[in-house]
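**Q** build the 3D model from these lines:
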Amino acid sequence: MSRRIYHIQKALPELAELEALINEGRKEMRISAPAHIHHAGTQLPIYSIEMGSRDAIAPTLALIGGVHGVERIGSQIILAFLRSLIHRLEWDEQLQQQLEKLRLLFIPIVNPSGMWENSRCNANGVDLMRNAPVEAEHRTPMLVGGHRLSRHLPWYRGRRNAAMEPENQALTSVIAQTLYQQPLCISLDCHSGFGSRDRIWFPYAKSMNPWPGLAEAHALTQLFEHSYPNHSMYLFEPQAHSYTTNGDVWDYLYDGYQQANPNGVFLPLTLEMGSWAWVRKNPLHLLHFHGLFNPVLPHRHQRILRRHITLFDFMMSALANQTAWLPQGQAHKQQQHSLALQRWYPNLAEKDQPLGSC
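**A** Model prediction:
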């Protein structure tokens, strides 16, 4: 066993698993490494993997993990799903046909140095989800909303006017190249560590005002809740309902998509797994920093790995069958927009603000 493989298996087993999956499923994948992070004497690649259609306008689902290094479960559920896809493609003709109509993009480990160190930030002490050149429009919570005081404090944004960190440059480059010309795309960034309930967040993190994709977000929410009425552990909501932040990468990427493709639909979603429930069920999690963000007991870890497969499959089906739910025409979009205001912004709903005025 080479020294690199030994150290990766010990410090970053998720990367070892990802490279094994790449070797196993290479014939189904289009693989690139848009960046390498030099850390602990080792070059750590950030892998980008595409599967499915090569059509330039095929609807696309992007699954992202490992932005915060300590939240390893986000990478792990993506790897579990990727493994399942590889094995199912050996025999599942329906899945094969579905992937002829849509594209999948995986970036399972955005922050390899942070995962190596079991740290939220990267090796430079920067929180990648506070690092984009985006300023909040409303007051953010102290420190948590992103700050420039010191790299030794959590939620550090990086130096003012500095380029984004290399991990974010790699992420934004891949997203821009892969998604910005797509008429319809969804991204799901997998995190953990907030709340006792799983949340599906959508932008904006920078603003408490409704965002331009509210009608489509409500249509997708309505479709999921109608299709899976007993799968009610997810709370769909704007992120700003929980807290606002500076430097949110998905705010930055969404605005970039809108500039490049104003007639397209991009839904950048965040899966925020409610790890406080794991702590409540087993207070021993409190003995380890890692345990605040990841399930510790083997049976609970296995449960979380399979828990979100339904959500991933749903998003693939929704993209492949977009005409069944995506608002078509101004009247339909206005209807969904009004319903979204009633659900998430009742004070604005009373004013019945027309689409595009928020």
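**Q** where does residue 235 fall, phi/psi-wise?
**A** phi -110, psi 110 (degrees, to the nearest 10).
**Q** could you do the one 10 residues further on as well?
**A** Dihedral angles of residue 245 (phi, psi; degrees, to the nearest 10) stand at phi -140, psi 160.
**Q** please name the residues that touch it.
**A** Contacts for residue 245 (Cβ atoms under 8 Å, 6 or more residues apart in numbering) come out as 129-130, 136, 140, 144-146, 205-206, 239. Every C-beta, even on glycine, is put in place using the N, C-alpha and C of the backbone.
**Q** what distance separates the start and the end of stretch 30-47?
**A** Criterion Cα to Cα, to the nearest Å; first-to-last residue distance in stretch 30-47 is 10 Å.
**Q** identify the residues contacting that stretch?
**A** 4, 7-8, 11-12, 15, 18-19, 22, 48-51, 106-110, 112-113, 116, 122-123, 166-167, 169-171, 173-174.
**Q** show only the entries of those residues found in helices.
**A** The members of the contacts of stretch 30-47 that map onto helices under DSSP state H are 4, 7-8, 11, 15, 18-19, 22, 112-113, 116, 166-167, 169-171, 173-174.
**Q** which among the contacts of residue 245 end up buried?
**A** 129-130, 136, 140, 145-146, 205-206, 239 (16 or more other Cβ atoms under 10 Å).
**Q** now distance to residue 153 too, for these, in a markdown table please.
**A** Shown next, in a markdown table, are the buried ones among the contacts of residue 245 (distance: Cβ to Cβ, whole Å):
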| residue | distance to residue 153 |
| --- | --- |
| 129 | 15 |
| 130 | 11 |
| 136 | 18 |
| 140 | 15 |
| 145 | 13 |
| 146 | 11 |
| 205 | 19 |
| 206 | 21 |
| 239 | 22 |
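**Q** out of those residues, which one sits closest to residue 310?
**A** residue 239 (22.3 Å; Cβ to Cβ).
**Q** quick one: low-confidence residue ranges for the protein.
**A** 1-3, 284-291, 350-358 (pLDDT under 70).
**Q** strands along that one, start to end?
**A** 30-39, 42-52, 60-65, 103-107, 184-192, 198-202, 234-238, 265-273 (DSSP state E).
**Q** quick one: closest of those strands to residue 313.
**A** Nearest to residue 313, of these and by Cβ to Cβ, is strand 60-65 at 10.4 Å.
**Q** which helices and strands sit right next to the closest one?
**A** helix 72-88, strand 103-107, helix 166-179, strand 184-192, helix 309-320 (3 or more Cβ pairs under 8 Å, 6 or more residues apart in numbering; DSSP states H and E).
**Q** buried ones from the contacts of stretch 30-47, can you make that a ChimeraX selection?
**A** Buried residues among these (16+ other Cβ under 10 Å), as a ChimeraX selection:
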select :8,11,12,15,18,48,49,50,51,106,107,108,109,110,112,113,116,122,123,166,167,170,171,174
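**Q** what residues does the residue nearest to residue 111 when sequence neighbours are not counted make contact with?
**A** Residue nearest to residue 111 in three dimensions, not counting chain neighbours: residue 69, with 4.8 Å by Cβ to Cβ, 6 or more residues apart in numbering. Residues in contact with residue 69 (Cβ under 8 Å, 6+ apart) are 111-122.
**Q** against residue 123, how distant is residue 69?
**A** Going from residue 69 to residue 123 by Cβ to Cβ, to the nearest Å gives 9 Å.
**Q** return every residue with contacts to both of those two.
**A** 113-114, 117.
**Q** redo the contacts of residue 245 as JSON lines? Include distance to residue 337.
**A** Shown next, in JSON lines, are the contacts of residue 245 (distance: Cβ to Cβ, whole Å):
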{"residue": "129", "distance to residue 337": "28"}
{"residue": "130", "distance to residue 337": "30"}
{"residue": "136", "distance to residue 337": "24"}
{"residue": "140", "distance to residue 337": "26"}
{"residue": "144", "distance to residue 337": "30"}
{"residue": "145", "distance to residue 337": "28"}
{"residue": "146", "distance to residue 337": "29"}
{"residue": "205", "distance to residue 337": "20"}
{"residue": "206", "distance to residue 337": "20"}
{"residue": "239", "distance to residue 337": "19"}
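**Q** which of those residues lies closest to residue 252?
**A** residue 206 (9.1 Å).
**Q** surely that closest one and residue 252 touch.
**A** No - using Cβ atoms under 8 Å as the test, residue 206 is too far from residue 252 to be in contact (9.1 Å).
**Q** identify the contacts common to these two.
**A** With Cβ under 8 Å, 6+ apart as the test, residue 206 and residue 252 both reach residue 134.
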